[in-house]
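Peer 1: turn this into a model:
(one chain, ligands or ions: 2)
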Amino acid sequence: MIPARLIESKRDGERLPPGELGAFCRAYLKGEVEEYQMAALLMAVYFQGLDGDELDALVSIMIDSGGRMDLGRFSSPRIDKHSTGGVGDTVSLALAPLAAEMGMVVPMMSGRGLGHTGGTLDKLESIPGFRTDLSLEAFDRVLDAVGVGMIGQTPEIAPLDRRLYDLRSVTGTVPAIPLIAASIMSKKLAEDLTGLVLDVKLGQGAFISDPDRSETLARTLVSIGESRGVPTRALLTAMDRPLGRAVGNALEVREALECLSGAGPVDLRSVVVALAGEMACAGQLVEDPEAGSRQAEKILDGGGALERLRRLVEVQEGDPRVVDDPHRLPQAPEVRELTAARTGWVHAVTPTILGYGVVELGGGRTRLGEEIDPAVGFVLEARPGDEVRSGDPLARVHARTPEEAHRGVEILDRAYRLGDGPPDLPPLVAGRITREDLRSARSAR
Ligand code: URA
Ligand code: CA
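Peer 2: Ligands and ions are numbered 1, 2, ... in the order given. Just a heads-up that it's a prediction; the model follows:
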């Protein structure tokens, strides 16, 4: 294998023999292929794509670059959910304990904030003491005790993905569907799952903003999981607007606690319940997702999932008192409101403006490893589709200083668009991709 020859082949749109791609990656891991050569190959893949066999080879190499979880001791279905990332996407914090309460083992491995999107790890770490940096051994003990655990990618899991991800993030090669799909699925398939549900976001605030490409990503993810014997399904959900009302780490933990108490924003609850239904169905606990969703609603209203979160917080060394008393979460001293300048309807609240707004207030990173302020962010009073009168509150900013609060109001003002008459909003759950959809697509071709 001559690295430059392989790069040239991909550049020119040729198909790489899977063995050669494997040899290139293994040489990279050993330091025999340079960072600039891998960067060049990634850029070639960005433009030329990967076919099914190449993608399969890449996923295998990424998984085999590290260890895997071993969860065979559990008799319950082992199910995880992964989101492609959004703004105010509070789902995981509520869904993981809910799914455990429904009878699944949930070994959830999440990420940090990236660009304008928030990350579950950052949100969890706003709970005082909560640790997400557990070893796989410690994670096993958490799963044994609570049936659900929430950690970051450990150094043992898919180290090749980690290195490629860091390289992609500085070489303009993140938004390539095969690279995103291999990155997500190598981590998920190392979790020893019996089922996987993907929440692929659609719209302006999604990682990939073109809806057709989001659907292609969903199909690619489902086909990788299915081809490796893990029942996998995807929902396509709305990210043309933030989900729920809270955007920002501690503010979203608070919102998740509301959801787990049977309250909170209706849209957040709908997405949580829809995904819980799909997880239960992937785990063969119910006949169809609708039955799973009905069960999820009952559990949310009964408080069992909130109790499950309390135990999770406790075993991951967080302060469990926040579960009953959210005032114990970090709070920003400055809160300011944006009010409506006119009477009308909220037509849009642009998610990327709020997502980058949180970063600007200190709640997200501009450099790898930077400390963040968990308390800052935004809470929407009026959401897209709501009718407002002039002077009504639209949203509040939670900031560290008066100057930042002032800046936060400006950011909110840019994000909100008011208009006449109710807007046409895309549905919250716009589609579902299952194994059957892959088959029908193939036979249609
Ligand atoms: N999330 C991942 O884990 N990997 C990607 O490449 C993109 C999003
Ligand atoms: Ca939210």
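Peer 1: Leu50 is in contact with Pro178, isn't it?
Peer 2: Yes: using CB atoms under 8 Å, Leu50 is in contact with Pro178, at 4.1 Å. The C-beta positions use only the backbone N, C-alpha and C, and glycine is treated the same way.
Peer 1: get me the contact residues on the stretch 1-150 of the chain for ligand 1.
Peer 2: Within the stretch 1-150 of the chain, the positions near ligand 1 by CB under 6 Å from any ligand atom are Gly111.
Peer 1: tell me where the stretch 1-150 of the chain has helices.
Peer 2: Secondary structure of the stretch 1-150 of the chain (DSSP state H, counting those that start in this stretch): helices located at 3-11, 18-29, 35-48, 52-64, 91-101, 120-124, 136-146.
Peer 1: using the three-state scheme, assign Asp166.
Peer 2: Following DSSP: H, G, I helix; E, B strand; the rest coil, we place Asp166 in the helix state.
Peer 1: what about the nearest residue in space to it that is not next to it in sequence, neighbour count?
Peer 2: Using CB to CB, 6 or more residues apart in numbering and skipping the chain neighbours, the partner closest in space to Asp166 is Leu368 (7.6 Å). By other CB atoms under 10 Å, the residues close to Leu368 number 9.
Peer 1: picking up where we left off before, between Leu50 and Pro178, which contacts overlap?
Peer 2: Residues touching both Leu50 and Pro178 by CB atoms under 8 Å, 6 or more residues apart in numbering: Leu58.
Peer 1: list phi and psi for whatever residue of the stretch 1-150 of the chain ends up closest to ligand 1.
Peer 2: When scored by CB to the nearest ligand atom, the stretch 1-150 of the chain has Gly111 as its residue closest to ligand 1, at 5.8 Å. Backbone torsions for Gly111, taken as degrees, to the nearest 10, come to phi -120, psi -180.
Peer 1: state the distance from it to ligand 2.
Peer 2: 17 Å (CB to the ion, to the nearest Å).
Peer 1: who are the packing partners of the helix or strand Arg310 falls within?
Peer 2: Using DSSP states H and E, Arg310 sits within helix 304-315. If you count contacts as 3 or more CB pairs under 8 Å, 6 or more residues apart in numbering; DSSP states H and E, helix 304-315 packs onto helix 91-101, helix 136-146, strand 148-152, helix 249-260.
Peer 1: helix or strand: which one has Val272?
Peer 2: If you go by DSSP H and E, Val272 is part of helix 266-282.
Peer 1: mean confidence for that helix?
Peer 2: Averaged across helix 266-282, the pLDDT comes to 98.
Peer 1: buried residues of that helix, list them for me.
Peer 2: 267-282 (16 or more other CB atoms under 10 Å).
Peer 1: so that helix, near ligand 2 or not?
Peer 2: No: shown here: helix 266-282 not in contact with ligand 2 (CB under 5 Å from the ion), separated by at least 5.9 Å.
Peer 1: host element of the closest residue to ligand 1 within the stretch 101-250 of the chain?
Peer 2: Minimum separation of the stretch 101-250 of the chain from ligand 1 (CB to the nearest ligand atom) falls at Ser183, amounting to 3.3 Å. Per DSSP H and E: Ser183 is located in helix 177-189.
Peer 1: just for the stretch 251-400 of the chain, where's the confidence low?
Peer 2: For the stretch 251-400 of the chain, applying pLDDT under 70 flags no range at all.
Peer 1: so what does Arg417 look like in phi/psi?
Peer 2: Taking degrees, to the nearest 10 as the convention, Arg417 sits at phi -130, psi 120.
Peer 1: SS state for the residue nearest to it when sequence neighbours are not counted?
Peer 2: Using CB to CB, 6+ apart and skipping the chain neighbours, the partner closest in space to Arg417 is Ala348 (4.2 Å). Secondary structure for Ala348, judged by three-state DSSP, is strand.
Peer 1: measure Ala348 to ligand 1 for me?
Peer 2: Relative to ligand 1, Ala348 is positioned 25 Å away (CB to the nearest ligand atom, to the nearest Å).
Peer 1: tell me the pLDDT at the residue of the stretch 151-300 of the chain found nearest ligand 2?
Peer 2: The minimum distance from the stretch 151-300 of the chain to ligand 2, using CB to the ion, falls at Gly244 (3.1 Å). pLDDT recorded at Gly244 is 98.
Peer 1: what sits against it?
Peer 2: Gly88, Thr90, Glu252, Glu255, Cys259, Gly264, Pro265, Asp267, Leu268.
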